[in-house]
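> Sequence and predicted structure, then a few things I'm wondering about:
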Amino acid sequence: MSLLGAGALAIWAATGPRVFETKPRRIAAGRDPMLYVRASGALSLLKVEGANLWLQTSLDGGDSFDDSIRVNEIEGEVSSHPEASPQLQVKSRGEFYTLWQTRKGGDNSRLRFARSMNWGESFQKAIDVDTPAEAASQSFFTMNVSKKGVIYVAWLDGRDRGKGRPGSSAVYLARSSDKGASFEKPVRVTLGVCPCCRPAIAFAQDRMYVSWRSVGDNNVRDIYVATSIDEGKTWSAGKRVAEDNWVLNGCPHSGAALAVMGKRLFLTWHTVRDNKNKLYLSYSDDGGETFTHRADVSEHILDPNHPYLAEMGDRVGLVFQGRNAAPQVDTWAPLEVWYREFDAQGKLSPLERLGHLEGSAAYPTLAYEAPGRLFAAWTEPHKTGKAIVLSRGRLKRPDMVSNVR
C-alpha cells in the first residue's frame, strides 16, 4: 500500500488551491455554527443562541442574513457545547434535518431530531431519536445521510458506562429510513469508548464507517474505526488507526473526522505524540482493516485541534484551529482557523491562514458548493457574548505535486 509522506510534505504549487477573503466577518450572534450552501448561492446557518436552535438564511452568498427561524418547539431545551453541538444535514429536495441534545435532569439527556420539508421555512415537531427504559446520558453525537437517503445518528451512550473499561462509554447508532419520521431501535457499535470525544460517520460504495476514541490499557486514548456492510445493522470489531499511545488520565474532547473518495477512507485526528500536539492524516484502501502511515497535516501550527472535513468531489477540504507559530508571532497568540485540502492520492495543498477577529477561534466548520465556493464558520467571543464568524473562499486550481510514495 502506498504511504503518505512521513517527513516534509510535498505540496501543490503556487500559493494554494483557494482564495479566501482577506479578513473574516462577524455574521451573527450565537455559537456552534453549521453551514449548508445551495447551487443558487443561498447559504443556511444553523446556530445556538439562548438555549435555542435557530436557522438563518442568506440569499446573497453570506453578504446578509434573514431573520432567524427557531427549530426547537420547546423553549430553552437545547444543551450545547462544541464537542456536542447541534448537527445539520440537507438533502436536495429541500429536506433539512437537525439534531441536538436536551437535558432531562442530572446526567439524563436525550437526542432530539426535527426536520423541515420546505427548505427550512418551518420545522415539524421534534422527536426523540431513542427512548431507553433507564435514565442515561446521550451526548457527543453526529449525524450523516447515506446516498440512499437513510439518516444515521451516532452518539456516546451512558447506559453501558464502565463496561469494557472503567470510566468508559459506548457508541450507539440509530437509523431512519423514512426521512426522519421515526428512528429504528439503536444498535451498539462498541464498548470501551472515551466518554467525551464525538464519533464520526462516513459512507463508501459498499459499506459505512464509524470512528471513536477508545480507552485502552493504561488510559491510552487512540482512534478506532469499525465497519458495517449491512447498512449499519451489525458492526465489525474496531481497528486501531495508529499506535499513537497517547496516555491521558482524562478526556481530550476531540473526536476524529472522516471523509471518503471512491473506496478510500480518509481520517484526520488530534493526538499527542513525542510530547507534541499534532493533527494527522491517514487513509485505508481495504475497508478500514489497515491504515497508511500517519502524515502530519498541522506542521508548525501550535495547539492544532478539532479538524473538520468536507467532501468536495475530487478532493477533501480540512479546517482546524491552532496558534500561529511564525517567528514574529507570540506563541500564545489567539487561536486561528487554518485551511488545506487533499485529493484522492493524498496530495496536500499548503496551509492557509483564515485568521480570527477579536478572540480565539473555536471549532471551525466547512461547507462546499460546486464548482468552487467554500464557506468556513466558527465561534469567537464578542463583547455582547458569543459571535459566529464567516470566511468565504473560491477555487483556484494550480498544478499538483504528489506526496504519495
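Perfect, thanks for sending it. Owing to the predicted nature of the structure, the values given are computational and were not obtained by experimental measurement. Numbering: from 1, shown residues only.
> where in the stretch 101-250 of the chain is pLDDT low?
105-106, 133 (pLDDT under 70).
> Tell me where the stretch 1-150 of the chain has strands.
Secondary structure of the stretch 1-150 of the chain (DSSP state E, counting those that start in this stretch): strands located at 18-20, 25-29, 31-37, 43-49, 52-58, 69-70, 87-91, 95-103, 109-116, 127-128, 138-145.
> Next, the buried residues of the first one.
Neighbour-count burial for strand 18-20 flags 18, 20 (criterion: 16 or more other C-beta atoms under 10 Å). To be clear about C-beta, it is placed using only N, CA and C from the backbone, and glycine gets the same treatment.
> give the contact list for residue 32.
Residue 32 makes contacts with 47, 48, 80, 81, 82, 85, 86, 363, 379, as judged by C-beta atoms under 8 Å, 6 or more residues apart in numbering.
> List the buried residues of stretch 257-270.
Here stretch 257-270 shows 257, 258, 259, 260, 261, 264, 265, 266, 267, 268, 269, 270 as buried, counting by 16+ other C-beta under 10 Å.
> how about residue 218, secondary structure?
helix (DSSP: H, G, I helix; E, B strand; the rest coil).
> what's the burial count for the residue lying closest to it once chain neighbours are set aside?
Closest residue in space to residue 218, ignoring its immediate chain neighbours: residue 247 at 5.8 Å, by C-beta to C-beta, 6 or more residues apart in numbering. For residue 247, the neighbour count with other C-beta atoms under 10 Å is 13.
> what does residue 179 give?
Residue 179 is flanked by 16 other residues according to other C-beta under 10 Å.
> surely it meets residue 151?
Yes. The criterion here is C-beta atoms under 8 Å, and residue 179 meets it with residue 151 at 7.3 Å.
> Quick check, central residue of the protein?
residue 308 (4.6 Å; C-alpha atoms, centre = their mean).
> That one touches residue 366, doesn't it?
Yes. Using C-beta under 8 Å, residue 308 makes contact with residue 366 at a distance of 5.3 Å.
> Find the residues that touch each one of these two.
By C-beta under 8 Å, 6+ apart, the residues touching both residue 308 and residue 366 are 318, 319.
> Quick check: buried residues in stretch 244-256?
244, 246, 251, 252, 253, 254, 255, 256.
> Residue 274 is in contact with the second one, correct?
No. With contact defined as C-beta under 8 Å, residue 246 does not reach residue 274; the gap is 10.6 Å.
> if we can go back for a sec, ramachandran coordinates for the residue nearest to residue 218?
Backbone geometry at residue 247, expressed as degrees, to the nearest 10, gives phi -90, psi 120.
> Who are the contact partners of it?
218, 219, 220, 221.
> what's the closest of those to residue 33?
residue 221 (27.2 Å; C-beta to C-beta).
> still on that earlier bit, so which of the strands of the stretch 1-150 of the chain comes closest to residue 210?
Evaluated with C-beta to C-beta, the strands of the stretch 1-150 of the chain place strand 138-145 nearest to residue 210, the distance being 8.7 Å.
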